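Student: Turn this into a model:
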Amino acid sequence: MLRIGLTGGIGSGKSSVARLFAERGAVIVDADAIARAVVAPGTRGLAAVAERFGADVLGADGALDRAALAGVVFGDAAALAALEGITHPLIWAEAARQFAAVPADGIVVHDMPLLVEKVMSAEYHLVIVVLTDTELRVRRLVEHRGLDESDARRRIAAQVDDDARRAAADVLLDNNGTPDALANQAGALWDSRILPFAANLTAGRPATPRDFQAEYAAPLPREISDLILGQVRRMSARIAAAVGVGVIGGSPTGDGAIGSGVSTGVVAGEPTGQPAIGESSGVLEFAVPVPAWPDGAAYQRLAAAGFPVLDAQGDRLGNCDPAWPARIRLVPPRT
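Tutor: As a prediction, the model looks like this:
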C-alpha cells in the first residue's frame, strides 16, 4: 500500500487535509483518535494511567480528565515518560492493526502530529506537511477550540518549529488561505502525484522520466538546488530503512544531480557543489552507501518502499514517485 505521513503543528489544519483525502478514497489512521481510544473508559490503558497518576486524573464519570493529566505531565519529563510508557505501546499496536487492514493496493494516510518529533519520515512513501502562520493558528485555536491565547501559544511553542517540518516534508501544503484553496491543493496533489505513485508502487515500476529541462533552467536557482538535495536525503533515509541499516553519516554520498550532470559531492553527511540538470535522462541520479549489501528480503523491502531494482546486478534502483523519477546507485561496503 502507499503509506502517507501527514503532519503539521497544532491548529495548522492537517485534519482538514485528512478529510479531503478520505473523500477521495484514502484510509485514514488518526493518531489522535487512537490515543483517545486506548484510554477510553473500561480500557486497560485508562486503568494503568489511573494507577500511575492517581484518581485525580479521572473525572466524576470515570473518564480521563485530560486537562488534569496535562497539568501533571506538562513540564515534568519523568511523568511524561511514564505516561508515554503506558500509552505508546497501545497506540502503536492499534495503529499497526489498522495499517494491516488496508488492502495491498490501498492508500493509507497516517494523521500523525508527532511525526517529525518521533523521526518517522523514513517509514512513509510520502510525507505531507501542512504549514500555517503562527498567528493564524493561534486565532483558530482560540476561536474554534476554546483555548485562551496564552495556552495556544504555549502549545505551539512546545512543538517542533516549521523549519524542522520543512526538512522532513516531501510536500508542503499552505493553509494560510481559504478552505477552497486548501482543497484545490490537496486535490491537485492527489491526482498528479498520489494516484500515479500508488499505481507505480502496485505495479512495481519506476516513475516515467520527466522533462526537467522544460521546468528548470541552468544554473539552478538556490531554492531548487536545496529542494533536490533535501529530496535526496529523504529518499536515502527510506532506502537505508528498507535495507535495514542506518545511512552512513546520516546522509547520502555521491552524485546528487538531475540527469547525467554535475555531481553535488554529497559526502560525509553534507552536500557540496551545485546540482545540475541533465540534458536528456529526465531522472534524478545519486548514490546511497549501504554498510551491508542487500539480500533478497531487503530487495523486497526496497520495492515495497517504492524503490524497485533496475538491473540484474542489483546496484541500481528506480523510484516510484512520479515527482522524482530516479536512478539510484547503491554503494557497497568497503572491504
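Student: what domains does the record give for this structure?
Tutor: The record assigns the chain these domain ranges, following automatic domain parsing: 2-192, 212-331.
Student: do you know which of those domains lies nearest Arg205?
Tutor: If you check each of those against Arg205 by C-beta to C-beta, domain 212-331 wins as the nearest, at 6.7 Å. For glycine as for every other residue, the C-beta is placed from the backbone atoms N, C-alpha and C.
Student: Skipping adjacent residues, who's closest to Leu136 in space?
Tutor: What sits nearest to Leu136 in space, not counting adjacent residues and going by C-beta to C-beta, 6 or more residues apart in numbering, is Asn176, at 6.1 Å.
Student: Worst mean pLDDT across the helices and strands of this structure, which element?
Tutor: Least confident helix or strand of the chain, by mean pLDDT, DSSP states H and E, is strand 253-258 with a mean of 42.
Student: Could you point out the helix or strand that follows it?
Tutor: Sequence-wise, the next helix or strand beyond strand 253-258 is strand 284-289, with elements assigned using DSSP states H and E.
Student: now that following strand: mean pLDDT?
Tutor: The average of the pLDDT scores along strand 284-289 is 84.
Student: Kindly report the same for stretch 87-104.
Tutor: For stretch 87-104, mean pLDDT is 93.
Student: What residues sit buried inside it?
Tutor: Neighbour counts using 16 or more other C-beta atoms under 10 Å place Thr87, Leu90, Ile91, Glu94, Ala95, Gln98, Val102 of stretch 87-104 among the buried residues.
Student: Quick check: which element contains the third one?
Tutor: So the one you mean is Ile91. When secondary structure is defined by DSSP H and E, Ile91 falls within helix 77-100.
Student: can you list contacts of that helix?
Tutor: Taking C-beta atoms under 8 Å, 6 or more residues apart in numbering as the criterion, the residues outside helix 77-100 that touch it are 1, 3, 27, 29, 31, 34-35, 37-39, 44-45, 48-49, 52-53, 69, 72-74, 108, 110.
Student: Emit the ChimeraX select command for whichever of these are buried.
Tutor: Those of the contacts of helix 77-100 that meet the burial criterion (16+ other C-beta under 10 Å) are gathered into one ChimeraX selection, given here:
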select :1,3,27,29,31,34,35,38,39,45,48,49,53,69,72,73,108,110
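Student: Now intersect the contacts of helix 77-100 with the helices, please.
Tutor: 31, 34-35, 37, 44-45, 48-49, 52-53, 69, 72-73 (DSSP state H).
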